[in-house]
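> Provided below for reference: sequence and predicted model.
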Amino acid sequence: MDRRTFLEVLAAAGAFGICRFAAATPRLVLIVNPKNPIRTLGAGEVEAIFTTRRLDWPGGSRIVAFNFPPRHAVREDFDRRALHLEPDEVARFWIDRRVRGGHPPPRQIPDAKTMLRVVASLETAVGYVASGDADGSVRVVAEI
């Protein structure tokens, strides 16, 4: 089957509700404290923040990034979308960083409710949640 035929079959399957995988994965949003002057972040900036290659916001304040624990479904989705890494690759990345004396990984938050509360209370914080979990206590600066 050539590529065009495959895409036509896939589109038809989606139209009839046979293939639902595209809609099944919720979007993720990157969130910051409403007082943070950042309005948007690009994909490269998100990756740099969550791999600790970028440590400071413009103006010099230290970025405090928060992550879900390893093996958390939202964390695995974030790692694949934002960092382009599978869970085992992320683990190796941080082990290598630790061995080489690099910066530690982002702090861990157990759930979305806590993520929202922490980011809303710390002006230099950044985190992520499923788009449906974001509320008015934080500002969305990127969609992943």
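Thanks, I have it.
> What distance do you get for Gly101 to Val140?
34 Å (C-beta to C-beta, to the nearest Å). To be clear about C-beta, it is placed using only N, CA and C from the backbone, and glycine gets the same treatment.
> Same question for Arg81.
Taken as C-beta to C-beta, the span from Arg81 to Val140 is 15 Å.
> These two: which is more packed in?
Set side by side, Arg81 and Val140 show more neighbours around Arg81, with 17 against 14, by other C-beta atoms under 10 Å.
> dump the residue contacts of the more buried one.
Contact partners of Arg81, counting by C-beta atoms under 8 Å, 6 or more residues apart in numbering, are 28, 144.
> Can you classify it as helix, strand or coil?
For Arg81, the assignment made with DSSP: H, G, I helix; E, B strand; the rest coil gives helix.
> Now for the residue nearest to Ala48 when sequence neighbours are not counted, how many residues are close by?
Leaving aside its chain neighbours, Ala48 sits nearest to Arg54 (3.8 Å; criterion: C-beta to C-beta, 6 or more residues apart in numbering). Other residues within reach of Arg54, judged by other C-beta under 10 Å, total 16.
> Cheers, nothing more for now.
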